[in-house]
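Colleague: Compute the structure for the input listed below.
(4 chains)
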There are 4 protein chains.
Amino acid sequence: MTQTAHATNHSDDATRAKRQDFYDRLAPKNLAPLWEVLKGLMPPEPTSKAVPHQWRYEEVRPLLMESGDLLTAEEAERRVLVLENPAFPGESRATATIYAGLQLIMPGETAPAHRHTPSALRFMLEGEGAFTAVGGERTTMRAGDFVITPNWAFHDHGNEGSGPCAWLDGLDIPMVRFFETVFSEGYNDKSQSLTRPEGDALARFGSRMLPLDDSGRRYGQTTPIFNYPYERTREALVAAAKGEAPDPHLATTLRYANPVDGGWTMPTMSAWMTHVEKGFETKRMRSTDGIVLCVAEGRGQITTGDKTFSYAPRDVIVLPAWAWRSFKAEEDSFLFCISDRVAQEKLGFFREERG
Amino acid sequence: MTQTAHATNHSDDATRAKRQDFYDRLAPKNLAPLWEVLKGLMPPEPTSKAVPHQWRYEEVRPLLMESGDLLTAEEAERRVLVLENPAFPGESRATATIYAGLQLIMPGETAPAHRHTPSALRFMLEGEGAFTAVGGERTTMRAGDFVITPNWAFHDHGNEGSGPCAWLDGLDIPMVRFFETVFSEGYNDKSQSLTRPEGDALARFGSRMLPLDDSGRRYGQTTPIFNYPYERTREALVAAAKGEAPDPHLATTLRYANPVDGGWTMPTMSAWMTHVEKGFETKRMRSTDGIVLCVAEGRGQITTGDKTFSYAPRDVIVLPAWAWRSFKAEEDSFLFCISDRVAQEKLGFFREERG
Amino acid sequence: MTQTAHATNHSDDATRAKRQDFYDRLAPKNLAPLWEVLKGLMPPEPTSKAVPHQWRYEEVRPLLMESGDLLTAEEAERRVLVLENPAFPGESRATATIYAGLQLIMPGETAPAHRHTPSALRFMLEGEGAFTAVGGERTTMRAGDFVITPNWAFHDHGNEGSGPCAWLDGLDIPMVRFFETVFSEGYNDKSQSLTRPEGDALARFGSRMLPLDDSGRRYGQTTPIFNYPYERTREALVAAAKGEAPDPHLATTLRYANPVDGGWTMPTMSAWMTHVEKGFETKRMRSTDGIVLCVAEGRGQITTGDKTFSYAPRDVIVLPAWAWRSFKAEEDSFLFCISDRVAQEKLGFFREERG
Amino acid sequence: MTQTAHATNHSDDATRAKRQDFYDRLAPKNLAPLWEVLKGLMPPEPTSKAVPHQWRYEEVRPLLMESGDLLTAEEAERRVLVLENPAFPGESRATATIYAGLQLIMPGETAPAHRHTPSALRFMLEGEGAFTAVGGERTTMRAGDFVITPNWAFHDHGNEGSGPCAWLDGLDIPMVRFFETVFSEGYNDKSQSLTRPEGDALARFGSRMLPLDDSGRRYGQTTPIFNYPYERTREALVAAAKGEAPDPHLATTLRYANPVDGGWTMPTMSAWMTHVEKGFETKRMRSTDGIVLCVAEGRGQITTGDKTFSYAPRDVIVLPAWAWRSFKAEEDSFLFCISDRVAQEKLGFFREERG
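Modeller: Below is the predicted model:
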């Protein structure tokens, strides 16, 4: 692609013509003049392409339920409504780097077993009787549970309850695609064989103990715990709020942790929960990671950039990277958040600023 | 110290005399001939100086209780009966590298606040109402709880119950003394000020979550959780025993873990619990770490080297380093174990052999 | 963006119409049906968008030198011809994730001091007298030297010689842009102040020793050594080739290492050098990281996918991700390679296959 | 061992008698009253048992050479004069935790191949033609070279020169013995087979590069480089002294580093070299690690505690733990130091104070 000569110091038509001639000879050799594009390539500060957006659960739920009649989970492979950031239509991106969707599974259905290099997390929203199977073990999904299906681990979902079950999916698909490392394959059966009783991983790895061997590394860098039940998380946040005054910017925040190394639970996506007590308002802060937030409980306002959203339970909100954000709780709130922070930290990109 | 010339290849009196003359001239210069001592310095295999030993709780308890009448906790600073390995009389050593003792605190007493570079762990044996305070927080000690007072953290104990409370102490005192790094100091009051509600550390660090900051490193390499309640540990072991067949050598074993990095809880002493189901007998194994074992629950036999002990709840048994050991449970058993394994692993010394 | 309903199992016109109606109601709510795009989002294997390509130095050098007359380094800020992969015209990308360019600096010029979050590496090609300054220290750039300007460190270049100096630039700009974390700023002067003598970093960090403090972490995750002279690297490879038979796939390969932690030198780009002795031909292998390769010395062939290139000194070749590659040396060859491997390893994406 | 009842608060004969009776009943049960020994067990500050000491090379050399006539290296297995701290006669200890000795090998001799769990380091003092073999590779030992024979690696020494060769040995034997983990065995031949050319390890691991595989971990936690030549170290220190003003306490100090992880070279002993320029005097400091220091070059004074030694090349000096130390150089000096610092850091014991 030929670059167009632009004005620079002391330029005039002759200079521009001379340069254009030069550029025209560069293009066929797949060369381009950096000085024409440098300022565009490297701006002084990032401006996230993603825009703030809110999906109100009360608005999207009817559409989600309607998809339950439209096709089966086996037909769909995954019956999901993708949450597309208005800035990335057709690209299956909620933020620049994270995919999000709402998945529905009806009673008796199976979302067939498969695996892929993208990592996935699930934040349970409603319904009784849904399960996810990973590593030969099932976990029952209850509202507010944070469930993980690691990179390249076979996983399937089912619903043994009597009503529809729905959850929020978060995947690092945009990252894996950017790095051109997507692999995927189906399992040789609809559901994986179960080889461990339910609760085994939590007993073995999530009880403040660990085995003597390195079975905790069964999923590489991903935590061996594949369900972080809401009950325990909520209890911890309530107690933490009692023990320490809320941080002015973070309120009371705890991050989900990998017991094997204390790190984030997944190698590409960070997950944490922020508890804001009724009446508390955080001071603004911003960070280079764009956030997908889901309201586990509570009502209030979330401000991101120049947008303020009133939130209610199960709403999903995108807070773009590097936009000033703050929260204000009208009721005791529990806000589940994911972002690419862990990827940024590892690559040396992460920044944060407190206002 | 002058070395004595010994026979070596082809030696005779003349050689020996010549060498002895040489040695006599070395000694005043604080030199010694290695070749006379090398084989002793470096044997082919270790032979632990410590011997197997058992303290039956039913035998030592009366003496422990009697010490309750003998002096107050404040007089004693710590009212403890030291468990001395018969091989190290007067040296306050249970194994070559670990100190152990039984501590008693009577209703209303305080073991005054102090701190020291040796790390300490407590395994609760009996009584209601005892507490340990660390980092401005109290923790109530219930039977089977594993409590930690980190290297250089102020700690005090109290008993707000109506009866005597007793626990097993384990400290790395022999290690700290060997390295000549013992420091100690008293607090400026009998008890430390309480700045956090009970349960704060467990909520903040022991609920599968972690704070965003590095407060989990408040005690350096030692875990920020200073009580691992038995209830959770026992439950995890029972579930783990259901999920996987017992290991032939380890039965069902989980180690206490530091949530901040997945490592052992303390930098010098490893702690774990082995659950042996009724009727199960482990195959023998040996390792270079000498173990101090305390029976939380159950009855059976423990073989170490050529000794076999019948154990009952609260018994304390020393299993010397590099001796073949095996367990046989007559009743469902839960065996709390500590050793210097983590120190050995870090220093590159640890070995294990399975029979 | 409205999704188009496609044929699925048992579909027919009525089904498709019903679905299309549903999709038309999803779009205004920024929702999309995953089942219509899942297979495209997650293919079974990656197909790199980048194509194999070679820039022969003898062809591009004249154009590079011509740019020396076209404008000054200060005008350009950086006088660089960007190496654009034919698959990404106008995007300043050599592979999907790496930027590469050829930079020229004329005698007496300065490429002014600036800094930016993208990390940069330089592989020196020709000329005497060029230098790069980082951290208040200059390093002279000789052919084959691997020079690093870390993420957010001020850097400037100059040429104190009598002739043109040229090098290959590699930057992680595509990655930093993807994560929306580009920051940049100029220095308050054309060149940074020099506070350390030349060679200080190599003495302090690159001589098998390290300081007692953590000054080695002055650039975060990036190595404190900012020039890996070719002389030492070449010598190491020649000796390594004598000590061990060449690996069938890697020939004799060593990677540049961070002395502070043994890791790759930079957090986003891996760099290594492969020495292939005259007459040796590697067996094919492929990996998920796309490579930008520059020939330091030698002649031979490089096969990537279905393309085979004959290489000569200073040629730059792109080997796309997941394409089978192999090398055949006609003369003793030294091949400098960079890729996003370290980023992929940290994010859990990296795969390799040996044929 | 029965404890003697001592006076405590408000004690009197009746109390003492009552306590003594109690202690007499404790002893047969291998119990002891902690309160009688606590203050001795845990003093407020450490007092190193080791004393400052100097072995002047000009005094000990004649004795070392005399041992060359006394017996052969094969007879001795290792012909070494152990440097015994006057505080530990007969214990083969230079400091509380480190063994040191002077080894002599005569032309044509072999110190036969063996291995043992204690790690060893060698600091070459005089002679040409000595070598150490580790991992199938020989390294020639020149004055000031720092050579390592890792824990459990077979090693042998030889002298292919025409004159006697001598070096300083440092081993962690006291530590390994304390932890009861000494294993040793001979090789099945006098010398190990050579499988790599001399210089291979330095090329592969010591040239700022590393292999792609993990062969750098061939000796576990110990560096894969088994000779740190003095030439490179000296050059680095001279350059570092030019680049930065000497630290008031450390002068110009660099530590030997493991290229695989940037850590200390060995898991139990730290090694570093301090360069003090002529006329410079350091401010005093103290640390919990006792140091064995060997003068590579220079003359001056070393003060440790209340002792001041005048040093000359090849002198060995013990600086006990926690004693204030300082150096004053009359000539440009290079001081090789070893201590148990790395072990202390890992175990959480290390402290340092600057005066």
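Colleague: Off-centre distance for stretch A:71-87?
Modeller: Using C-alpha atoms, centre = their mean, to the nearest Å, the mean C-alpha position of stretch A:71-87 is found 16 Å from that of the whole chain.
Colleague: and what of stretch A:228-239?
Modeller: On the basis of C-alpha atoms, centre = their mean, stretch A:228-239 sits 20 Å off its chain's mean C-alpha point.
Colleague: Go through it and flag the buried ones.
Modeller: Buried residues in stretch A:228-239, defined by neighbour count with 16 or more other C-beta atoms under 10 Å in any protein chain shown: A:228-230, A:232-234, A:236-237, A:239. In short, each C-beta sits where N, CA and C put it, glycine included.
Colleague: which residues are contacting it?
Modeller: If you take C-beta atoms under 8 Å, 6 or more residues apart in numbering or on different chains as the criterion, stretch A:228-239 is touched by A:124, A:142-147, A:202, A:206, A:252, A:254, A:256, A:265, A:273, A:275, A:296-297, A:334, B:197, B:199-200, B:202-204, B:207-209.
Colleague: Mark which of those residues are part of helices, please.
Modeller: A:202, B:200, B:202-204 (DSSP state H).
Colleague: Burial check on the nearest residue in space to A:N30 that is not next to it in sequence, number of neighbours?
Modeller: Closest residue to A:N30 apart from its sequence neighbours, by C-beta to C-beta, 6 or more residues apart in numbering or on different chains: C:E84 at 4.9 Å. By other C-beta atoms under 10 Å in any protein chain shown, the residues close to C:E84 number 26.
Colleague: can stretch A:101-116 be found next to chain C?
Modeller: Yes. For a cut-off given as C-beta under 8 Å from any C-beta of the partner chain, stretch A:101-116 has contacts with chain C, namely A:101-102, A:116.
Colleague: Of those residues, keep whichever come out buried.
Modeller: Taking 16+ other C-beta under 10 Å as the criterion, what is buried in those is A:101-102, A:116.
Colleague: got JSON lines for the residues you listed, with distance to B:A50 too?
Modeller: Written out in JSON lines, the entries for those read as follows (distance: C-beta to C-beta, whole Å):
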{"residue": "A:G101", "distance to B:A50": "61"}
{"residue": "A:L102", "distance to B:A50": "62"}
{"residue": "A:H116", "distance to B:A50": "54"}
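Colleague: any idea which of those residues is the one closest to C:D340?
Modeller: Each of those was checked against C:D340 using C-beta to C-beta; the closest is A:H116, at 19.8 Å.
Colleague: who's in contact with the closest residue to chain D within the stretch 251-355 of chain A?
Modeller: Using C-beta to the nearest C-beta, the closest approach of the stretch 251-355 of chain A to chain D is made by A:D261 at 16.1 Å. Counting by C-beta under 8 Å, 6+ apart, A:D261 touches B:261-262.
Colleague: do you know how far it is from chain C?
Modeller: Between A:D261 and chain C the distance, using C-beta to the nearest C-beta, to the nearest Å, works out to 13 Å.
Colleague: ok so, going back, how near is the residue nearest to A:N30 to chain B?
Modeller: 41 Å.
Colleague: cool, and A:D332?
Modeller: A:D332 sits at a distance of 16 Å from chain B (criterion: C-beta to the nearest C-beta).
Colleague: Surely that residue is in contact with A:A296?
Modeller: No. The pair A:D332 and A:A296 fails to qualify as a contact (C-beta atoms under 8 Å) at a distance of 10.8 Å.
Colleague: I appreciate the help and will end here.
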